[in-house]
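Would you be able to build a 3D model of this:
(chains A and B)
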Amino acid sequence: MRKIFCCFGLYKNIKRALAAVMAIGFVSSVLFVPDKANAKSSDDVVTLRVCSWEEYIDEGDWDEDELIELPDADIIGDNSLVDDFTEWYFETYGKRVNVEYSCFGTNEELYNMLTIGDVYDLVCPSEYMFMKLMTEGKLVPYSDEFFDESVEENYYAKGVSPFIKKAFEENEINGEKWNRYAAGYMWGVTGFLYNPEVVSKEEVSSWKFMTDSDYKRQITIKDNVRDSLFGAVGAIKSDLLTSEAFVNSDDYHERLFEEMNDVSDETFASALAFLKEAGNNVYSFETDSGKADMITGKVVANMQWSGDAVYAMDQAEEDDCYLAFQAPMEATNLYFDAWTMLKAGIGDDREKQHAAEAFVNFLSMPENAVRNMYYIGYTSVISGGESNIIPDYIDWAFGAEEDEEDVSYYDLSYFFTEDEGSEDYVLCVPTEQLDRQLGAQYPSEEVINRSAIMKCFDEETAVKANQMWINVRCFNLKDIPVWAFVFGGIIIVGVIFVLIINKKQK
Amino acid sequence: MKTTFSRKQLAIPYSLFLIIFVILPLLVIGFYALTDSTGRFTLSNFLNFFTDTNTLGTLFYSFALAFATTAVCLLIAYPTAYFLASSKWKFKSVIVMIFVMPMWINFTLRITAMKEILNAIEGNLAFYPFLNSVIGMSYDFLPFMILPIYTTLTKLDRSLLEAAKDLGAKDMTAFLKITLPLSLPGIVSGVSMVFLPAMTNYVVLDMLYNSTYIMGSLIGSYFSAYDWHNGSMIALVLLLIICVFTLLSNGDAEDANARGGALL
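You can find the predicted model right below:
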């Protein structure tokens, strides 16, 4: 994977500063050269406003030695995918498109941006956020042509993995299926990224690891209520979720889904107690710094999304440090990020919608899916359909010769095909890879089997969850000892006294 | 048409800035703070502030953090400023510059660097979150404390001290009766420039792995849960607290601020 900057936080800050400078530049250019710029964009160019996660698309500029040589294609990222898209669109449809690409940091940030009145045509929220947008009627459905597999350019319809397709068909909210409004982009599971030299695989196999006092102040967990809550629920229900009777029950998946989406007051109360304990045990709550802290060895384990785990493992390997990833046995959170079109931006503009759908299709071309996966570490929803590029890429990245030592056979049929018993997608890989990048980027069927999607909170639950999170993070008045009150009171009275005396003296 | 230029027109750019970036946002905060999600007027957000034990606990924690930071800054800044102001050393302006220098660098970069130093000393930062936050913030705000004190001390009328000595006052007495009271405006100005920002500067805490919320992060958490009303109310109450402090310390602090600012 590409080494962009060793210090993630720093990089983001620099990027933000650059974005600010660019925004100022943009504003001033709009203010001072209005004639030329507008004339050009109004008539023959379609403007597509895209908003996605930070560092979530191939930005090009690969070194020559990063060329990915596959049997069917040689893949390298010279230009950014956004630039390549504008070129491809012109070549394919004879029309110019101008992509205004911007980024958001969290789903909540995106939602607030939309509420304030920022207008985008195409955004890439996670499943719970696009469900929220669906229920609020803010999305435009994909056109029927988009799903027509006979059209050559419909790379999404042709290439989306059967596993993802099924998930997007089966899941619905308020009677509407996901796939009407959302086209998948990346997906993954949650678990622990860990340093196998210090922590054993068994230890990180349970969400209870968060409160393991053997690793006091050496674990980081996620600084958002959904991921932490999922882990907490897994931990407090650990005994049930891992019991044989439960795992072997006929309706295991339904029951797992119900248990992991339990938002009853009792569960929230236990989760609060658990997370308070975890908060006193962990190194920190983080969203971004965990990867860097794993690589530098500040922490030994880190609750992580599989995509970021892959990225961190790749980075660590460059410094000869080998990390591993494990999805706990109780359950793992299966998440999807998907492209959705916004009513506020697209409206009735057919040309714009066409460009937006073409953008999704372009990113779904197997070559481009590979470029993204190589660049950002996350897993594309694309399996490639007829094309062999994606399986070839996995083989290129992780494959081993059968006569090598310590190899295992890894079955990814669930992702690539609907044919039961197909052996086309059984890879020969080094055994160690099962716990490393391969296991994180393409979780085994066993992991998928214990995965659960987390529902979108309704308004009442969202308030309850936020309150719980504030309870976890805040210093509560009841925790303050009496002496501190007395001391604080004396100081405040003293300061006010000094100020008043000082004023009178003048 | 003949346009006449008056000095008042010079105020236009700043007035515009003030309206767009200060007054309008304040009105928006006020509006959200006093309404509920349906847009109706309510005082429940205000009551929430004073009944929610988390908010009050966070206020307390922020106060404690800000107080410790201010105390540390004052303890370091006063002797430094006193020494610099009273020494006749040629290079003292260079020393003053060295203290001001960190302010030329963005504070997140400074804290990133400090994080590594602390990490090397402590081994594991997460064991001392409160201490680290105080160190980080003191490092951040120290120049704001030194400069106003330094400027009031340099302006101090030396003849007062000479007179005190002539009348037989010991050094300590002269300091307590003359230097300290006369430098009080500088101290008040320094304190208000350190104490109030320290209450909300959650970025330093985040970067130094202090997981406890302070007022700034609490407001942020309400905003990210789309509860703009309670978040705005917390901001508004904080603003009122700041106003009270500023009014109480008004007058002499302004003077020192102006001179401190001139040095920057």
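
now the strands: where do they sit in the stretch 101-250 of chain B?
Defined through DSSP state E, counting those that start in this stretch, the strands belonging to the stretch 101-250 of chain B form an empty list.

what's across from the residue in the stretch 301-450 of chain A positioned nearest to chain B in the sheet?
Distance from chain B to each residue of the stretch 301-450 of chain A (C-beta to the nearest C-beta) is smallest for A:Asn302, at 12.8 Å. Backbone N, C-alpha and C define where each C-beta goes, glycine included. Partner residues in beta bridges with A:Asn302, using DSSP bridges, are A:Leu193, A:Thr220.

Report how many residues lie close to it.
31 (other C-beta atoms under 10 Å in any protein chain shown).

now do A:Asp348
By the measure other C-beta under 10 Å, the count of residues near A:Asp348 is 8.

mind showing which ranges of the chain have poor pLDDT?
Chain wasn't specified; assuming chain A. Low-confidence regions of chain A, defined by pLDDT under 70, span residues A:1-43, A:502-503, A:505-506.

switch to chain B, that's the one I care about
Along chain B, segments meeting pLDDT under 70 span B:1-3, B:250-264.

If we use 50, what do you get?
Scanning chain B for pLDDT under 50 picks out B:253, B:258-264.

Touching, the residue of the stretch 301-450 of chain A closest to chain B and A:Ile295? I think so.
No - under the criterion of C-beta atoms under 8 Å, A:Asn302 lies out of contact with A:Ile295, with a separation of 10.1 Å.

Contact residues of chain B facing chain A?
When proximity is defined as C-beta under 8 Å from any C-beta of the partner chain, chain B approaches chain A at B:53-58, B:60-61, B:63-64, B:67, B:108-109, B:112, B:119, B:124-127, B:184, B:188, B:207, B:209, B:211-213, B:217-218, B:221-227, B:248-249, B:251-252.

about what we covered before: joint contacts of A:Asn302 and A:Ile295?
Overlap of the contact sets of A:Asn302 and A:Ile295 (by C-beta atoms under 8 Å, 6 or more residues apart in numbering or on different chains) consists of A:Ala312.

Need the contact partners of stretch A:104-111.
A:51-54, A:113, A:123, A:125-126, A:128-129, A:132-133, A:224, A:287, B:224-226.

any idea how far the residue nearest to A:Ser380 when sequence neighbours are not counted is from A:Val381?
In this structure, A:Ser380 finds its nearest non-sequential neighbour in A:Ala369, 3.9 Å apart by C-beta to C-beta, 6 or more residues apart in numbering or on different chains. Note on A:Ala369: its distance to A:Val381, by C-beta to C-beta, to the nearest Å, is 8 Å.

Same question for A:Tyr409.
Applying C-beta to C-beta to A:Tyr409 and A:Val381 gives a distance of 24 Å.

Between these two, tell me which one has more neighbours.
The residue with the greater number of neighbours, taking A:Tyr409 and A:Val381 and applying other C-beta under 10 Å, is A:Val381; the counts read 26 against 11.

residue contacts, that one?
By C-beta under 8 Å, 6+ apart, the contact list for A:Val381 reads A:Val160, A:Ser161, A:Ile164, A:Gly184, A:Tyr185, A:Met186, A:Trp187, A:Phe336.

A:Tyr414: neighbouring residues, count only.
Using other C-beta under 10 Å, A:Tyr414 has 18 other residues around it.

Need the contact partners of the helix or strand where it lies.
Of the helices and strands defined by DSSP states H and E, A:Tyr414 is found in helix A:413-416. Residues external to helix A:413-416 that are found in contact with it (C-beta under 8 Å, 6+ apart): A:161-163, A:383, A:390-391, A:419, A:422-426, A:442, A:445, A:448.

Tell me the buried residues within those residues.
A:Ser161, A:Pro162, A:Phe163, A:Ser383, A:Ile390, A:Pro391, A:Tyr425, A:Tyr442, A:Ile448 (16 or more other C-beta atoms under 10 Å in any protein chain shown).

Tell me which residues of whatever helix or strand the third one lives in come out buried.
When elements are defined using DSSP H and E, A:Phe163 is found to belong to helix A:162-170. For helix A:162-170, the neighbour count (16+ other C-beta under 10 Å) marks A:Pro162, A:Phe163, A:Ile164, A:Lys165, A:Ala167, A:Phe168 as buried.

so what's the fourth one closest to, chain neighbours aside?
In space, not counting the residues next to it along the chain, A:Lys165 is nearest to A:Asn179; the distance is 7.5 Å by C-beta to C-beta, 6+ apart.

that's a strand at A:Ser387, yeah?
No - secondary structure of A:Ser387, determined by DSSP: H, G, I helix; E, B strand; the rest coil: coil, with no strand assignment.

residues touching it, list them.
With contacts defined as C-beta under 8 Å, 6+ apart, the neighbours of A:Ser387 are A:Asp72, A:Gly159, A:Pro366.

Please work out how many residues are found near the last one.
Residues contacting A:Pro366 under the criterion other C-beta under 10 Å number 27.

Around chain B, which positions in the stretch 251-400 of chain A sit nearby?
Residues of the stretch 251-400 of chain A lying close to chain B by C-beta under 8 Å from any C-beta are A:Gly279, A:Val282, A:Tyr283, A:Ser284, A:Phe285, A:Lys298.

that older thread, helix or strand for the residue nearest to A:Ser380, which one?
Assigned by DSSP H and E, A:Ala369 belongs to helix A:366-376.

Show me which positions of that helix end up buried.
Judged by neighbour count (16+ other C-beta under 10 Å), helix A:366-376 contains these buried residues: A:Pro366, A:Glu367, A:Asn368, A:Ala369, A:Val370, A:Arg371, A:Asn372, A:Met373, A:Tyr374, A:Tyr375, A:Ile376.

just stretch A:279-293 next, same as before
For stretch A:279-293, the buried set under the neighbour-count rule, 16+ other C-beta under 10 Å, comprises A:279, A:281-286, A:288-293.

if we can go back for a sec, filter the contacts of stretch A:104-111 down to the buried ones, PyMOL style.
Buried residues among these (16+ other C-beta under 10 Å), as a PyMOL selection:
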select buried, (chain A and resi 51+52+53+54+113+123+125+126+128+129+132+133) or (chain B and resi 224+225+226)
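
Dump stretch A:167-177 to CSV, keeping only the CA atoms.
Only the C-alpha atoms of stretch A:167-177 are listed here, as CSV (Å, rounded to 0.1, in the frame of the first residue of the first chain):
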residue,chain,number,x,y,z
ALA,A,167,-27.5,-7.9,1.3
PHE,A,168,-28.8,-4.8,-0.6
GLU,A,169,-31.8,-6.7,-1.8
GLU,A,170,-32.8,-8.3,1.6
ASN,A,171,-32.3,-5.3,3.8
GLU,A,172,-34.9,-2.7,3.8
ILE,A,173,-36.2,0.2,5.8
ASN,A,174,-39.9,1.2,5.9
GLY,A,175,-40.6,-1.3,3.2
GLU,A,176,-38.0,0.1,0.7
LYS,A,177,-35.1,-2.0,-0.3
